[in-house]
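[1] Would you be able to build a 3D model of this:
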Amino acid sequence: MGQDKVRVRFAPSPTGNLHIGTLRTALFNWLYARHFQGVFVLRLEDTDLKRSQEDYEKNIYDGLNWLGLVPDEGPLVGGEFGPYRQSERIQQGCYMAKAKVLLEQGLAYYCFDTEAELDQERDAAKEKGVPYVYSRRALDLSNAEVQAKLDQGEAYTIRFKTPDSGALSFRDLVRGEISFDLALLSDFVIMKSDGSPSYNFAVVVDDVDMDITHVIRGEDHVSNMPKQLLLYKVLGGQVPEFGHLPMILGPDRAKLSKRHGATAVLAYRDEGIVSDALFNFLSLLGWRPNSEEEILSRAELEAQFALERVSKSNAIFDQQKLKWMNGQYIRRFSPEQLYEALFPFMSDQHQANMQARPDHQRRLIMTAIQDNVAYLSEVDQYLSVFCLSEEAVDVKVQALSFSEQDQQVLLQFYGLVQEMSASADEADFLACLETLVTRLELGKGKIFKPIRLAVTGDGKGPNIAQLLAVLGPSCLKRRLARLSFLDSVPHLAS
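    Residues are numbered from 1 along each chain as shown. This next block holds a predicted model:
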């Protein structure tokens, strides 16, 4: 199989929001296709008409687009192998046509058993303590009897006739050789009584019709392989290669759920995860790169990705590691990129405040908060120190008390600020703070904390020199002048 002919498919069901595990599957398919300059196909398995919804379909598109996993073929972009919705393929008769071919070849047969009759068979097997295998009593019907039932409009399913014995094996690209005992496999339904295909039949028909060369999916699909392999072999075309991915578990080794953090993909977008960070993070869930480096660009991931490096062991979803990685991507933004990324997460008040500022001041603020932001949605808590009104700061400061040592620090600082030019920058304030440390022979913490409290009313915040540079000498003079104890030092009064 030529590498230039790789065709993979991502086939979600629009019966719920796109979740992290499903997105990881899409990502591995996308990376595999890009590594071999292949084709990434999006196919919607929407045969569950009761649960499939347009909102869920849109959620899938939005999640893929946000992560940059744009399909080469699919419902929205089209392609020569469409339609790409199973519901539309049902309407075109794609599945019934293939089922009738199998009927003609004697590989499938009509089954008119009622649900009650099938339940009796299952109960009997349960009482004997053996796996249920369909009795094949429908095969006792003559061709004339079958036709009579069809003519009378009697409800039916179509079953695939499985071999009575033997073994079936395949080489999984992740897990190696896997074998199945066909004696344990019952004749299975390929067309339901409502005219819709069973899951396994629809998947195989679609893969054959769409020339899919590689099927990359979760390990929960391994159990479907016996049925699907039998169908691939009789429906023609080349049997794809398969790679079954490890499960994603929480840190407690339990199946990933909401108690481990968000599971819906767009919840991460709304929380302020950078798409490149999630792309990078998910790539490492069950796959290891060629080096110990964990921060990898999309181009690096595309170049290195190989199913041979996918682990057989379950992957652990570590929310704290995602937070760390998101922070790493935020640190790499330029001030302009950071502002663009943060702006949608700002409150209306902060958006207006930032838009009213000159470009150089916005850059200063972005630089000041950049090392603190772990999620983009945290922006307001870090901007508030720059955006509070003078009155609001004054109220906070007046509620504070300063020790004699703090007062001395502030008096000295106020004197130095008086001498600074209006254009003082971060380096100037850093020199000012170092002067105070030397002059007063105090640790940095005993210098920085009272200054921060006096000019913001808050004991925490961004780098102190960057904070002071953004506020500027004029603002600092006004705020410091409001401190009541400054009145006792006439030569420092404003």
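
[2] just checking, next helix/strand downstream of the helix or strand where residue 269 lies?
    Here residue 269 sits within helix 265-271, counting by DSSP states H and E. Using DSSP H and E, the next helix or strand after helix 265-271 towards the C-terminus is helix 275-283.

[3] on that earlier part again, and the helix holding residue 269, what does it pack against?
    Secondary-structure packing of helix 265-271 (3 or more Cβ pairs under 8 Å, 6 or more residues apart in numbering; DSSP states H and E): helix 20-35, helix 54-67. C-beta coordinates here come from the backbone N, C-alpha and C atoms, glycine included.

[4] Recalculate using a threshold of 7 Å.
    Under the contact definition 3 or more Cβ pairs under 7 Å, 6 or more residues apart in numbering; DSSP states H and E, helix 265-271 sits against helix 54-67.

[5] So which bits of the helix it packs on are buried?
    56-57, 59-61, 63-64, 66-67 (16 or more other Cβ atoms under 10 Å).

[6] Name the residues that touch it?
    Contacts with helix 54-67, where a contact means Cβ atoms under 7 Å, 6 or more residues apart in numbering, come from 12, 14-18, 23, 26-27, 44, 70, 76, 265-266, 269, 275, 278-279.

[7] in whichever helix or strand comes after it, what's buried?
    Proceeding N to C from helix 54-67, the next assigned helix or strand is helix 86-91, under DSSP H and E. Across helix 86-91, burial judged by 16+ other Cβ under 10 Å covers 86-87, 89-90.

[8] Name the spans of this protein whose pLDDT lies under the cut-off.
    Within the chain, the segments meeting pLDDT under 70 span 1-4, 258-262, 487-494.

[9] Can you pull the domain assignment for it?
    258-331, 335-482 (the TED database).

[10] can you redo those domains as CSV with mean neighbour count and distance to residue 214?
    Converted to CSV, these look like this (neighbours: other Cβ atoms under 10 Å; distance: least, Cβ to Cβ, whole Å):
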stretch, mean neighbour count, distance to residue 214
domain 258-331, 17, 8
domain 335-482, 17, 35
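
[11] closest one to residue 188 among the ones you listed?
    Closest of the domains of the chain to residue 188 is domain 258-331, at 27.7 Å (criterion: Cβ to Cβ).

[12] does the residue nearest to residue 229 when sequence neighbours are not counted count as helix, strand or coil?
    Among residues not flanking residue 229 along the chain, residue 168 sits closest, at 5.7 Å (Cβ to Cβ, 6 or more residues apart in numbering). Three-state call for residue 168 (DSSP: H, G, I helix; E, B strand; the rest coil): strand.

[13] got a list of what residue 168 touches?
    179-180, 182, 226, 229.

[14] quick one, what contacts residue 42?
    The neighbourhood of residue 42, defined by Cβ under 7 Å, 6+ apart, consists of 10, 71, 74-75, 84.

[15] Just grab the bridge partners of it for me.
    When bridges are called by DSSP bridges, residue 42 pairs up with residue 10.

[16] Kindly report the same for residue 249.
    Going by DSSP bridges, residue 249 is paired in beta bridges with residue 255, residue 316.

[17] close enough to count as contact, it and residue 313?
    No - with contacts counted by Cβ atoms under 7 Å, residue 249 stays clear of residue 313, the gap being 9.8 Å.

[18] helix, strand or coil for residue 476?
    Per three-state DSSP, the secondary structure class of residue 476 is helix.

[19] Show me where the protein has its strands.
    7-10, 39-42, 108-111, 157-160, 167-172, 176-181, 188-191, 214-218, 241-245, 248-249, 315-316 (DSSP state E).

[20] Would you tell me which one of the ones you listed is buried the most?
    Compared across those, strand 7-10 shows the largest average neighbour count, a mean of 25 (mean count of other Cβ atoms under 10 Å).

[21] Run through who's touching that strand.
    Contact with strand 7-10 is made by 25-26, 29, 32-33, 38-43, 210-214, 216, as judged by Cβ under 7 Å, 6+ apart.

[22] cool, stretch 300-320 as well?
    20, 31-32, 34-35, 173-175, 243, 245-251, 256, 260-261, 283, 285-290.

[23] Now render the strands of the chain as a markdown table, adding distance to residue 421.
    Shown next, in a markdown table, are these (distance: least, Cβ to Cβ, whole Å):
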| stretch | distance to residue 421 |
| --- | --- |
| strand 7-10 | 59 |
| strand 39-42 | 58 |
| strand 108-111 | 88 |
| strand 157-160 | 85 |
| strand 167-172 | 70 |
| strand 176-181 | 71 |
| strand 188-191 | 82 |
| strand 214-218 | 62 |
| strand 241-245 | 61 |
| strand 248-249 | 56 |
| strand 315-316 | 54 |
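
[24] returning to that earlier point: redo the contacts of residue 42 as TSV? Include distance to residue 106.
    TSV is the format used below for these (distance: Cβ to Cβ, whole Å):
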residue	distance to residue 106
10	35
71	38
74	36
75	36
84	32
